[in-house]
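Undergrad: Kindly generate the corresponding structure for this input.
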Amino acid sequence: MASTFAVTRNHLVFGLCLPLAVLMGYLLAEPSESVSMVVLVMVLSVLTVPMLMRWYHPLLVFTWNAVIQLNFLPGSPRIWLALSFVAVLFGVINRSVNPESRFLNVQSITRPLLAMLAVFVVTAFVRGGLGMRVLGSGAYGGKAYLLAVGAIVGYFGLTSRAIPLRRAALYSGLFFLLGLTALISNLIYFGGSNFYFLFQFFPVELALDQAMAELSFTPEYARMGSMLTAGMAAFSFLLSRYGADGLFAFGKPWRMALFIVTIVASGFAGYRSLAVLMGLSFFIMFFVQKLWRTRILLIMACVCALTAAGIVGFSRQLPLPVQRALSFLPLIEIDPLTRVTADNSNEWRLEMWKAALPLVPQYLFMGKGYVISPDELFMAQQSAQMGNTASWEGALLAGDYHNGPLSLIIPFGIYGVIVFAWFAVASIRLLHQYYTNGPPELRRINAFLLSLFVARILFFVFIFGSFHAELYYFTGLIGLAVALNASAPNDVSNANTDEFDSNEPMR
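TA: Reported below is the predicted structural model:
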């Protein structure tokens, strides 16, 4: 009589897990070996597939502004970049097996983004490829292409699912608040060498200011660069959650107190650009919400007058990084050395812009792209160190223009400017429709998304910008807005029926 051999689920699990555990233990004995690292990453990636299949969209939303860097991967990408491609991959797979699982199609945004992607591809093809050294190229510049393309891919990842209306506050809050992870690098350095292994996941450069301050004879001049991101994260969370009007609620003074603490703490970053961006965002939202028609205008005027008087009267008593952050304001007296460093920074930029402007006609109809010769870059850096050339020439050769329009028109020519302007106008128009026609539950967040997007556009054009590094700011804001408003009542889609195609949240 024939007997059957039955393999139970427990036998199958143990038969796979035990050999895998032995292999992992063997590889962990030499974690620094490249082969061990590759196998470990592959095994962990496979084990996380079920989690990513279910939670890829919330993970992408929550980590979009998180300062988490995957240093164990080639190029050390930020986590939002890796999850963007994962989200689109699983979104396509879900669409292939479930016809109801569709990407949120907003044609007014999709068209300029696809046109922008085409400009990237054509420019890279004409100008010598991508320049990715991890793929065997002998040139630099591939990471800039990857960031720009990843920002577009990330938009489609964010819009692969709708965010349920009941979870809008949670998603939008964590979207901004996770920027506080920028402070973790400082905490790791403060904790000592026992925690340095965490720098595999957090950028070590954010702790350099802290390290240099400890070794410097003038630590009071040191800036805290991580507060640039962390301060903007807390600022954005408060405004998106409570709005400019909610901060002035008389029954909840702790809101304004927390907002003031955030502004003051952000001053220790020492960046004038942060103060300008915060001011732009707040005052644009103030007018978007039409608070100038209310008594809040009088309160705001009094607060601004008292703040200005305090800054003018006690500017020399402020911490030096805060003085540097406020050095662009007129009629204030600041530390002479701080004034000199700020003025030198301005002159450095102006000299580079004068040298970069003649390049615009040369690359007007066919952009330069991002490919850089490593030999030319090395020679420029060596010449600057020996004093033979200006210090900004290396940055100019690397495409780090510290100027938004130059960082767009030189790499991608007039076509890049046209498609980005098309995308910006379409995004502002859509965000305005969401604000005016959206549900009351999303009115504050829609007002803030509109205000912040407009502020960032103005900041990019007139103050400071780097197109490939900051494109994800813009695509992230509009992607979040589309995902939030997709599950709202039909009044939003009715206002834009030929452009917006919403779908129900995935189960």
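
Undergrad: Tell me where the stretch 401-507 of the chain has strands.
TA: According to DSSP state E, counting those that start in this stretch, the stretch 401-507 of the chain carries its strands in the segments 500-501.

Undergrad: give me the low-pLDDT residue ranges for it?
TA: 488-507 (pLDDT under 70).

Undergrad: what ranges do the helices span in it?
TA: Taking DSSP state H, counting those that start in this stretch to define them, one finds helices in the stretch 401-507 of the chain at 404-437, 443-462, 467-486, 491-494.

Undergrad: next one: the stretch 51-200 of the chain
TA: Counting by DSSP H, counting those that start in this stretch, the stretch 51-200 of the chain has helices at residues 79-97, 107-126, 142-158, 168-177, 184-191.

Undergrad: Which one of the ones you listed lies nearest to residue 364?
TA: helix 107-126 (12.9 Å; CB to CB). Where C-beta positions appear, they are placed from N, C-alpha and C, glycine not excepted.

Undergrad: Point out the other helices and strands that that closest one packs with.
TA: Under the contact criterion of 3 or more CB pairs under 8 Å, 6 or more residues apart in numbering; DSSP states H and E, helix 107-126 touches helix 142-158, helix 404-437, helix 467-486.

Undergrad: got CSV for the helices of the stretch 401-507 of the chain, with mean neighbour count and distance to residue 345 too?
TA: As requested, the helices of the stretch 401-507 of the chain are arranged in CSV below (neighbours: other CB atoms under 10 Å; distance: least, CB to CB, whole Å):
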stretch, mean neighbour count, distance to residue 345
helix 404-437, 20, 17
helix 443-462, 22, 17
helix 467-486, 24, 18
helix 491-494, 14, 44
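
Undergrad: between those helices, which gets nearest to residue 149?
TA: The nearest among the helices of the stretch 401-507 of the chain, by CB to CB, is helix 467-486 at 9.4 Å.

Undergrad: Packing partners of that closest one?
TA: If you count contacts as 3+ CB pairs under 8 Å, 6+ apart, helix 467-486 packs onto helix 79-97, helix 107-126, helix 142-158, helix 168-177, helix 404-437, helix 443-462.

Undergrad: mind giving me CSV with those and columns for distance to residue 393?
TA: What follows is the helices and strands packed on helix 467-486, written out as CSV (distance: least, CB to CB, whole Å):
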stretch, distance to residue 393
helix 79-97, 29
helix 107-126, 23
helix 142-158, 19
helix 168-177, 37
helix 404-437, 15
helix 443-462, 24
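
Undergrad: Nearest approach to residue 321 belongs to which of these?
TA: Nearest to residue 321 among the helices and strands packed on helix 467-486 is helix 443-462; the distance by CB to CB comes to 20.4 Å.

Undergrad: what residues does the closest one touch?
TA: Helix 443-462 is contacted by residues 168-169, 172, 236, 239-243, 246, 273, 276-277, 280-281, 284-285, 288-289, 404-405, 424, 427-428, 431-432, 434-435, 438, 465, 470, 473-474, 477-478, 480-481, 484-485 when judged by CB atoms under 8 Å, 6 or more residues apart in numbering.

Undergrad: out of the helices of the stretch 401-507 of the chain, nearest to residue 299?
TA: helix 443-462 (18.7 Å).

Undergrad: Take that closest one, keep the C-alpha atoms, and write them as CSV.
TA: Output of helix 443-462 as CSV, limited to C-alpha atoms (Å, rounded to 0.1, in the frame of the first residue of the first chain):
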residue,chain,number,x,y,z
ARG,A,443,-9.1,73.8,3.4
ARG,A,444,-6.2,74.6,5.6
ILE,A,445,-3.8,72.1,4.2
ASN,A,446,-4.8,73.1,0.6
ALA,A,447,-4.2,76.7,1.5
PHE,A,448,-0.7,75.9,2.9
LEU,A,449,0.2,73.7,-0.1
LEU,A,450,-0.7,76.5,-2.4
SER,A,451,1.2,79.1,-0.3
LEU,A,452,4.3,77.0,0.1
PHE,A,453,4.4,76.0,-3.6
VAL,A,454,4.2,79.7,-4.7
ALA,A,455,6.8,80.7,-2.1
ARG,A,456,9.2,78.0,-3.3
ILE,A,457,8.7,79.1,-6.9
LEU,A,458,9.5,82.7,-6.0
PHE,A,459,12.4,81.6,-3.8
PHE,A,460,13.7,79.4,-6.6
VAL,A,461,13.5,82.1,-9.2
PHE,A,462,14.7,85.2,-7.2
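
Undergrad: coming back round to it: any idea which of the helices and strands packed on helix 467-486 gets closest to residue 252?
TA: helix 443-462 (14.5 Å).

Undergrad: Is residue 210 in contact with residue 224, as I believe?
TA: Yes. Judged on CB atoms under 8 Å, residue 210 makes contact with residue 224 at a distance of 7.1 Å.

Undergrad: Mutual contacts of these two, please.
TA: Residues touching both residue 210 and residue 224 (CB under 8 Å, 6+ apart): residue 186.

Undergrad: who's more crowded, those two?
TA: Higher neighbour count among residue 210 and residue 224: residue 224, with 24 against 19, using other CB atoms under 10 Å.

Undergrad: Tell me the predicted confidence for that one.
TA: At residue 224, the model reports a pLDDT of 82.

Undergrad: same deal with residue 270?
TA: As predicted, residue 270 sits at a pLDDT of 88.

Undergrad: do the same with the one 3 residues further on
TA: As predicted, residue 273 sits at a pLDDT of 92.

Undergrad: list the contacts for the residue lying closest to it once chain neighbours are set aside?
TA: Closest residue in space to residue 273, ignoring its immediate chain neighbours: residue 464 at 5.0 Å, by CB to CB, 6 or more residues apart in numbering. Neighbour list for residue 464: 273, 402, 403, 404 [criterion: CB under 8 Å, 6+ apart].

Undergrad: right, so of the helices and strands packed on helix 467-486, which gets closest to residue 22?
TA: In terms of CB to CB, the element of those nearest to residue 22 is helix 79-97, at 28.7 Å.

Undergrad: Check which residues of the closest one are buried.
TA: Within helix 79-97, the residues scored as buried using 16 or more other CB atoms under 10 Å are 79-88, 90-91, 94.
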